[in-house]
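>>> Kindly return the folded structure for what I paste below:
(chains A, B, C and D, ligands or ions: 6)
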Amino acid sequence: MTIVEPKASPAPHSAGEPIVNDFSITIATKNGSGSQTANATILRALFKMGIPVSGKNLFPSNIQGQPTWYTIRASREGFIARRPRSEILVAMNKATIIEDVQKLEPGGMCVYAEGTGYVPQRSDVTFYKIPAEKLANASGLDGKLRGYAENMAYVGVLIELLGIDLEEVKAALDWHFKGKAKAIEPNIKTISAAIEWSRANLVKRDPYKLEPMDKTGGLIMIDGNTAGALGAIFGGVTFAAWYPITPATSLADALNVYLPRLRTDPETHKPTYSVIQAEDELAALGMVTGAGWAGARAMTSTSGPGISLMSEFAGFGYFAEIPAVIWDIQRMGPSTGLPTRVSQGDVLAVYWLGHGDSKHVMLLPGSVKECFEFGWRAFDLAERLQTPVFVLSDLDIGMNNWMSEPFEYPEGQMDRGKVLTAEDLTRLEGKWARYRDVDGDGIGWRTLPGTDHPLAAYFTRGTGHTEIATYSERPEHWEANMERLGRKFETARQLLPAPVEDRVDGAEIGLIAFGSTDPAVVEARSRLAAKGVKTSYLRLRALPLNDSVESFVRAHERVYVVELNSDAQLTQLVRLDTPELAAKVFPLNHNDGLPLTARWIVETLEKMEA
Amino acid sequence: MTIVEPKASPAPHSAGEPIVNDFSITIATKNGSGSQTANATILRALFKMGIPVSGKNLFPSNIQGQPTWYTIRASREGFIARRPRSEILVAMNKATIIEDVQKLEPGGMCVYAEGTGYVPQRSDVTFYKIPAEKLANASGLDGKLRGYAENMAYVGVLIELLGIDLEEVKAALDWHFKGKAKAIEPNIKTISAAIEWSRANLVKRDPYKLEPMDKTGGLIMIDGNTAGALGAIFGGVTFAAWYPITPATSLADALNVYLPRLRTDPETHKPTYSVIQAEDELAALGMVTGAGWAGARAMTSTSGPGISLMSEFAGFGYFAEIPAVIWDIQRMGPSTGLPTRVSQGDVLAVYWLGHGDSKHVMLLPGSVKECFEFGWRAFDLAERLQTPVFVLSDLDIGMNNWMSEPFEYPEGQMDRGKVLTAEDLTRLEGKWARYRDVDGDGIGWRTLPGTDHPLAAYFTRGTGHTEIATYSERPEHWEANMERLGRKFETARQLLPAPVEDRVDGAEIGLIAFGSTDPAVVEARSRLAAKGVKTSYLRLRALPLNDSVESFVRAHERVYVVELNSDAQLTQLVRLDTPELAAKVFPLNHNDGLPLTARWIVETLEKMEA
Amino acid sequence: MTTVSAPKGKTNKLGLEKAIYRGLESTLCNGCGHDSISAAIIEAFFELSLPPHRVAKLSGIGCSSKTPTYFLGNSHGFNSVHGRMPSVLTGANLANHDLIYLGVSGDGDSASIGFGQFAHAIRRGVNMVYIVENNGVYGLTKGQFSATADRGSKSKRGATNSDSSIDLAAVALQLGATFVARSFSGDKAQLVPIIKAAIEHEGAAFIDVLSPCVAFNNHIGSTKSFDYVREHNEAVNFLDFITPRAPIKVAYEAGTVEIVEQHDGSQLALRKIAADYDAHDRLGAMTFSQKHAAEGQIVTGLLYVEREPEDLHVRLGTVATPLNALSEKELCPGSSALEKINASLR
Amino acid sequence: MTTVSAPKGKTNKLGLEKAIYRGLESTLCNGCGHDSISAAIIEAFFELSLPPHRVAKLSGIGCSSKTPTYFLGNSHGFNSVHGRMPSVLTGANLANHDLIYLGVSGDGDSASIGFGQFAHAIRRGVNMVYIVENNGVYGLTKGQFSATADRGSKSKRGATNSDSSIDLAAVALQLGATFVARSFSGDKAQLVPIIKAAIEHEGAAFIDVLSPCVAFNNHIGSTKSFDYVREHNEAVNFLDFITPRAPIKVAYEAGTVEIVEQHDGSQLALRKIAADYDAHDRLGAMTFSQKHAAEGQIVTGLLYVEREPEDLHVRLGTVATPLNALSEKELCPGSSALEKINASLR
Ligand SMILES: Cc1ncc(C[n+]2csc(CCOP(=O)(O)OP(=O)(O)O)c2C)c(N)n1
Ligand SMILES: Cc1ncc(C[n+]2csc(CCOP(=O)(O)OP(=O)(O)O)c2C)c(N)n1
Ligand code: SF4
Ligand code: SF4
Ligand SMILES: [Mg+2]
Ligand SMILES: [Mg+2]
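Numbering: from 1, shown residues only, chains lettered A, B, ... in the order given. Ligands and ions are numbered 1, 2, ... in the order given. Take a look at the predicted model:
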């Protein structure tokens, strides 16, 4: 029987109070070893137990053999931001175990594989050594797959040590493998073996426990990229062109998974969409531009390097006024940077993407639910505004699994924007001008190629043009056109999703944030509140900014802009929008490739306030 | 004998005072007709007469047959900015003559070709009809080339009517054709014939005269692109890769003209450089990046669309820290925009070119002389800072001919930046770290491929790396590297050319400008001064901004940023740099594709001040 | 300026006059080969009696890419960016397969900056007529070499091209194009039928059309007046004057070789494929034109055509209704589908 | 992780052990063909006794492009951006022609996003060894098709590739490459000599190396354990588990055909060119491999080599001194030259 190494005992907590549903578990493995399934299973099992959870995958830019970490946070109070350290470690990777153990919170516990040959070195941590390889034999899988089964061994051990509900684990596996018994069975076998072994060989010496709650009823769990793809599908996406790139690939993958199920012709079962893997990102946006011009709801998804390559077409689309939806699942840059790390570093590059006086409309989803919503809304906006719309998500929202309210069905009808039909043209006796601002909102009326009217055609170009779309180099034509585009951008401010505000009476401090930092901000505010520091919160959901931002800044003594990048990019845009208040706006930016923690916000804010 | 049409006479001025060396001449022709030579000849002749002049070519994006205008301004007082209207018109183009005449200043004069079939319609303008085709016969050129010779006809007529010195015209032709008698002769013949004909047939009825002065002694006349190319050559450019694009092409052309003369090996006469026409702009900057990495002084030249395509490599160069010089001869954007019209619309796009947290060093030449200076200085800065350096010129500076002080030889020695030689490495026993900030300025030491030491090599990459250039995904490595890059950017502020300031005691108004708008600002200031409106002036020469800008803004009540673009791009950067003063900074931007005029500045400023 | 000329009055099956198939007046140089190609395109669409508004004409950037403004004035036009027409056309075609797609490009646009997009659009089998108006130079930017310029050829400025040249038709064959032809701008008798056949081909049809550039195909040894102009422009070191010239026309028999003298005196040897040539043998087509190319002859005619091409839509199996014509009902899976999905994510 | 293995102790003419020619430990999948190619590169440079610091190794982005970190640890390394290695290599080569330039790329890197740069670097005759580690997929982004994937082949996710595939070696021949070869990662006996010949070739040498991807060449009908993994990964719909496997090795005679079974059971038919094959006939080389390709055979060996290649420097006639080694005196024309220019501009 394995007993805890003397050095390690007595673990300080062993006597103390149990710690229930309020800790983080880090699981350290090698990628390509099959641990993702094990980790996702644990996460979903906790979720099904009604415990608020979040899971974050910290993986290398590599296919097999490199260290990878998965962190699960269980939070009674429902805080789901990353925490800087974990209380529990499952150490399967010999290469990193020493450092992994060092990172554990004092009083933490560690389950480690015998195969690591590790000798415990912290007296304030409870250690459990498990014979993962031996347990894997129970899977019945052949030699090559043993390595995979070892992951189910730690699942079994955690079930026993932490009190995870076995039934929920089975349910999670069933969900995970879509009921494929053949795939599930070996996992269950290994888990059962591990549970038995634990019962027989481990003595619980740590305080960490998981107990059922009722906090996740009716919720769903999903990643942001899949949510975005589903949103796009319910928004009627008909064309997608993409080029593989981490962390955006899974968005296109989700389109390829769900479109065949949801979008085929009832009789012929033929697809009512097409998805093309382009040769690169220039071509991807080129195809989307062609399809958007032709009247299809067209989108692409990419990340930083792809955004850079899309610059020319982005400027073309802005100037030629062609609807397009471009998802930027942000990763750490500049350049190739850290392909598997999160950042919010594309804000400025996208806002002014393209040479000349180009500027763009951007949506900033802050949750998987907003990924779904903006998935369809982006098409309405792109077609209404006749311009490329960028959706800036990031690796954390996009690739990690999140609890969420169920998705809500798109409000009202699709907005297909200003399109003249053959009937309209007949009524107008073919008299129309593509770029005339008949409605005063800066948006002209377009026709779609294929409109069955001899005068439906017009000429689309990236060069200077008149209201009737003919080529012109005349100064007055150029100026008039640019003024109209300016008007259109003002129209956009009003049509975009407004910021979500929580103004607190008597708060001197205002916090502005967007995207994946929301959970950290929420947790930080409650900690600050507990310390008597009142803060208001404005979460941006789109650019360009609308007036509410100025009034928010005006209403507070000091406004801190929380963001994950090195150049405090949103801070700069907020200052530009509020010149006379610019001095009140301060950056609260951090950029180490990891999701933001509440602790960092609280500590840094306190420093800056001091 | 041709007499002025009755309708047109008496021209109001006929009685009045002569107007000497203070008017503009617009010459309207078709492009590809050979008029560029005629116009350049007139310009240089005036220059040689000692009269301050400027010439601006307003040409279409087309090769042959479209309307084109050339405007020459003679200014006793030395003002060389464009003026909104001309006093004199040479109308050779039937297609535009009616509008061209309408644009003439009241009291102006017009020389027009009989072939236009025009019938004068303004009574306040003096008209002279000339039989250009007939006069062209004198050239002795065969039929097809008559059209070309017609241009020399109006040269002859202007010589006679305005009193241009024939000898200086001959000298100008000689300069123009580099003494090639065969090329010169037909021109002289036509000119002489035209002079004779004018003497015999025209009665001078207008007040406009040109008289020799002594204001251009010792000056040179050249276009900014050639100046930039020469600067690069005296800065030791060894590699240039480029892709054709208006208005940048003539910079690469000038390299190809001057390099063979100035940069071949004395013995072998083999080139000590290479210039490659790349397949596109991605490849052009890729090649420059490779050559810069290898230690060559490498440059490329492009315009807006090329800048968009260079985004990815720009970010790579910033992050991998590779010297490169990139000339952006700005034209009107967004997109293909107006390829033959001027704008300063790439400021923001270039400053933040590339996704992630990229930002760039930019030089902003305000004259052809600065094009030469920045031509060599850009290399010193790029190698010192180990980063891409962008030089933002524009179509007006780049393609038009300007008077200038002679070019000054580069100060001191070339700065080749921090490079470790084989000897250094031996001394260091091969112990060195490519990205270690040993000097505290954020700049590491590099080696060049080929350095004859077994440990000279390091690994250049666009991914996260350690001080010794090995791949790393560790947060602490990423943050440290980004902090150092930030330090380097601060170092850059101090190394860049400082703004040129003219602070006026008691001036409430400060003007900030850069690039080709300088002459208009200079003229506007003197007009305002004449009206008792004092203004200070700060002309920016580089980005990022240095401290002097803040102190300039602080020192004035209201600061107006003069620029040629729609989004007031520099205004935004100035505001960002001076948050607490942002409310004092106002845009004074205009963007119609034409060089700025003093009149627009004065009138708009007065409106805004009112 | 050149106006594309055509007999008046005559109407086609749709009862449309040829005038309807014209565009705005050309702004290209007098005698530019591209204008002859525009005339051939007008002729082909007129003769096939196709309704202009059922045609989409797309291009990149360049003199050649300007031409869509000068033909089919009532067709849907799209000037994209330099070298990227193929991707835009691909997207438009997938959104609406009901139109005829005509892609017009230049040799710089397709062989230099756009070589990748050219290749990938061909590989995908996009149903289109892809015409490259091939003059071996960058016309609009004033005469630099393009990637199709012969190795060793001299530019106006006297520079020599040291890169080996790209034969776009040969590459198209390599990449699986299902219709590959080559012709000469001045050979209306050959060009019009080829364009018509390409329009009727249900796959990626590529046509390489040699199209002399009046302004920049201007080497030593050309006519008297030419030498003067060259000296003139060389002396002033910018392109200042362009001699107006008439377009080059040729007419020659199948199976024969025609030596075409260009405006500047330089010569092209065109070999028109013989009547008995087998246009259904891809490997044969490659060898045939490679063999003659080695002899300095440019083979013209329909080099290869696949009898039953599969276009991208067939490969993807998309529905019959053009995607851009699907109704909201067909586009949105509906609320019950969403409920199922929500349920599946618990 | 795979360590590139080699016998210890043995030294070459420079007295260097092979260890010197190695790099950091590979982070690629166990059994990845790319590691075998790295081993062959190490072998070739070791056997030719070349000083590592006289070599520049450049790549794009991908698993294949990662490999320069795993060989020649003392050579100048450059990971550029995706698909753009050729331009960076071209610039570096022009700045210093004294080094040996080794460009390593993948099929996605060179045939998809990088097809244009691949083509133009070849056309220019840049003196380099250009190796494409060709696995028909995007490894690093988890198994999508690249442009070299056979038409009709099925991906891990069951998608079918409908685009016709690009044969890079055939295109290189078309574009005038002066050295074109094809080999298989596991055929050390053939690969090492080819790499050595390419290094010694003074022009653009292109080598297409088939290199099976352990993780994603994984179709139906492979071994038992494989089926389970596939089902597993398909079920969870992401790549979760990769079975470690040994690299594939082959050895077969010139003139024979070898059927290579890949990890997943799919097969490749390799035809090694016979001893009497004429490697100096470009047209012959094209026809030969096109003919066998039509029969579903992949020809391996040195397909074509030009006896007296002209590299880009020869074409440009640049000085003997590497441009990056020119002194300030040689670089700056001097003040009197500037005075002359000023004078000439009056
Ligand atoms: C990104 C970009 N780079 C450069 C240019 C400038 N440019 C315009 S047309 C052209 C070349 C056109 O050559 P080709 O396609 O052969 O057309 P041609 O004029 O010869 O018919 C270039 C380089 C551009 N418009 N966009
Ligand atoms: C501009 C850009 N787009 C996409 C990516 C993502 N990406 C990285 S590697 C790769 C494909 C690599 O495929 P290949 O060249 O065949 O290399 P392999 O991994 O198969 O050896 C892609 C698309 C990127 N790094 N940069
Ligand atoms: S420059 Fe050449 S290609 Fe362009 S229009 Fe003139 S002749 Fe035609
Ligand atoms: S994914 Fe494929 S190519 Fe990449 S390392 Fe693994 S086996 Fe090699
Ligand atoms: Mg061309
Ligand atoms: Mg690959």
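
>>> what about the strands in the stretch 501-610 of chain A?
Ranges of strands in the stretch 501-610 of chain A, per DSSP state E, counting those that start in this stretch, are A:509-514, A:535-540, A:542-543, A:558-563, A:585-589.

>>> Which single residue of the stretch 251-400 of chain A approaches ligand 5 most closely?
The stretch 251-400 of chain A approaches ligand 5 most closely through A:Glu312 (20.1 Å), counting by Cβ to the ion. Any C-beta I mention is one placed from the backbone N, CA and C, and that applies to glycine too.

>>> Spatially, which residue comes closest to that residue, not counting chain neighbours?
Excluding the flanking residues, the one nearest A:Glu312 by Cβ to Cβ, 6 or more residues apart in numbering or on different chains is B:Ser308, at 4.0 Å.

>>> Look at the residue of the stretch 251-400 of chain A closest to ligand 5 and say how many residues are nearby.
31 (other Cβ atoms under 10 Å in any protein chain shown).

>>> and it, what does it touch?
A:Leu282, A:Gly354, B:Pro305, B:Ser308, B:Leu309, B:Ser335, C:Val81, C:Arg84 (Cβ atoms under 8 Å, 6 or more residues apart in numbering or on different chains).

>>> Filter those down to the ones in helices?
Using DSSP state H, the members of the contacts of A:Glu312 that fall within helices are A:Leu282, B:Pro305, B:Ser308, B:Leu309.

>>> Switch these over to TSV, and while doing so, append distance to A:Leu46 and neighbour count to every line.
Formatted as TSV, these follow (distance: Cβ to Cβ, whole Å; neighbours: other Cβ atoms under 10 Å in any protein chain shown):
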residue	distance to A:Leu46	neighbour count
A:Leu282	44	25
B:Pro305	52	29
B:Ser308	47	30
B:Leu309	48	28
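
>>> Go through these and name the one nearest ligand 6.
Among these, A:Leu282 lies closest to ligand 6 (Cβ to the ion), at 19.9 Å.

>>> A:Phe316 is in contact with the closest one, correct?
No: with contact defined as Cβ atoms under 8 Å, A:Leu282 does not reach A:Phe316; the gap is 11.0 Å.

>>> For C:Met128, which non-adjacent residue is spatially closest?
Closest to C:Met128 by Cβ to Cβ, 6+ apart is C:Tyr101, at 4.1 Å.

>>> hey, what's that neighbour bridged with?
Counting by DSSP bridges, C:Tyr101 forms beta bridges with C:Ala56.

>>> That one: neighbouring residues, count only.
Considering only other Cβ under 10 Å, C:Tyr101 is surrounded by 24 other residues.

>>> same check, this time on the one 5 residues further on
Other residues near C:Gly106 come to 35 when the count uses other Cβ under 10 Å.

>>> Tell me the predicted confidence for it.
Looking at C:Gly106, its pLDDT reads 98.

>>> which residues of the chain score low on pLDDT?
Using chain A. Within chain A, the segments meeting pLDDT under 70 span A:1-15.

>>> my bad, the chain I had in mind was chain C
Those would be C:1-8, C:155-158, C:218-239, if you go by pLDDT under 70 across chain C.

>>> for chain C, what spans make up the helices?
Using DSSP H, helices in chain C cover C:33-47, C:63-66, C:85-95, C:107, C:115-124, C:168-174, C:188-200, C:224-236, C:282-294, C:312-316, C:328-331, C:335-344.

>>> can I get the ones you listed in a markdown table with distance to ligand 1?
Shown next, in a markdown table, are the helices of chain C (distance: least, Cβ to the nearest ligand atom, whole Å):
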| stretch | distance to ligand 1 |
| --- | --- |
| helix C:33-47 | 6 |
| helix C:63-66 | 3 |
| helix C:85-95 | 10 |
| helix C:107 | 4 |
| helix C:115-124 | 11 |
| helix C:168-174 | 11 |
| helix C:188-200 | 17 |
| helix C:224-236 | 18 |
| helix C:282-294 | 20 |
| helix C:312-316 | 25 |
| helix C:328-331 | 35 |
| helix C:335-344 | 43 |
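
>>> To ligand 5, which of those lies closest?
helix C:107 (4.3 Å).

>>> The closest one - contacts with which helices or strands?
When contacts are defined as 3 or more Cβ pairs under 8 Å, 6 or more residues apart in numbering or on different chains; DSSP states H and E, helix C:107 sits against strand C:128-134.

>>> okay but the residue nearest to A:Glu312 is in contact with B:Val350, surely?
No: B:Ser308 lies out of contact with B:Val350 (Cβ under 8 Å); the separation is 10.2 Å.

>>> hey, what's in contact with both of those two?
Going by Cβ under 8 Å, 6+ apart, residues that sit against B:Ser308 and also against B:Val350 are A:His355.

>>> returning to that earlier point: out of the contacts of A:Glu312, which is nearest to ligand 4?
When these are ranked by distance to ligand 4 (Cβ to the nearest ligand atom), A:Leu282 comes first, at 24.7 Å.

>>> Enumerate every residue touching the closest one.
A:Leu309, A:Met310, A:Glu312, A:Phe313, C:Arg84, C:Ser87, C:Gln117.

>>> What is the burial count for the last one?
Looking back up the chat, that one is C:Gln117. For C:Gln117, using other Cβ under 10 Å, the count is 30.

>>> Please list all residues in contact with it.
Counted by Cβ under 8 Å, 6+ apart, C:Gln117 has contacts A:Glu279, A:Leu282, A:Ala283, A:Gly286, C:Gly83, C:Arg84, C:Met85, C:Pro86, C:Ser87.

>>> residue contacts, the fifth one?
When contacts are counted by Cβ under 8 Å, 6+ apart, C:Gly83 touches B:Asp280, C:Gly60, C:Ile61, C:Gly108, C:Asp109, C:Ser110, C:Ser112, C:Ile113, C:Gly114, C:Phe115, C:Gln117.

>>> A helix includes A:Leu348, no?
Yes: A:Leu348 sits within a helix when classified using DSSP: H, G, I helix; E, B strand; the rest coil.

>>> B:Leu353 versus that one, what's the distance?
10 Å (Cβ to Cβ, to the nearest Å).

>>> next one: C:Ser112
23 Å.

>>> What about A:Thr336, how many residues nearby?
For A:Thr336, the count of nearby residues is 26 (other Cβ under 10 Å).

>>> Now it. Nearest residue, chain neighbours left out?
B:Gly462 (4.1 Å).

>>> hang on, isn't the one you found packed against A:Pro339?
No: at 10.4 Å, B:Gly462 does not count as touching A:Pro339 under the criterion of Cβ under 8 Å.

>>> hmm, back to that, in terms of neighbours, single out the busier of A:Leu348 and B:Leu353.
It is B:Leu353, of A:Leu348 and B:Leu353, that has more neighbours when counted by other Cβ under 10 Å, with 32 against 23.

>>> farthest-separated two in the ones in helices among the contacts of A:Glu312?
A:Leu282 and B:Pro305 (12.1 Å; Cβ to Cβ).

>>> Let me see the contact set for residue 86.
Picking chain A for this. Each residue near A:Ser86 by Cβ under 8 Å, 6+ apart is listed here: A:Phe23, A:Ser24, A:Ile25, A:Thr26, A:Thr71, A:Lys103, A:Leu104, A:Glu105, A:Gly108.

>>> Switch to chain C, please.
Neighbours of C:Pro86 in contact, by Cβ under 8 Å, 6+ apart: A:Ala283, A:Gly286, C:Gly103, C:Ser110, C:Gly114, C:Gln117, C:Phe118, C:His120, C:Ala121, C:Val126, C:Tyr130.

>>> Please report the distance of A:Leu594 from A:Leu564.
Going from A:Leu594 to A:Leu564 by Cβ to Cβ gives 9 Å.

>>> Return every residue with contacts to both of the two.
Joint contacts of A:Leu594 and A:Leu564 (Cβ under 8 Å, 6+ apart) are A:Val342.

>>> who's more crowded, the two?
Neighbour count, other Cβ under 10 Å: between A:Leu594 and A:Leu564, A:Leu564 has more, with 29 against 21.

>>> Excluding covalently adjacent residues, which one is nearest to the more buried one?
Nearest one to A:Leu564, counting by Cβ to Cβ, 6+ apart, is A:Gln344 at 4.2 Å.

>>> unless I'm mixing things up, the one you found is touching A:Ser393, no?
No: using Cβ under 8 Å, A:Gln344 makes no contact with A:Ser393, being 9.8 Å away.
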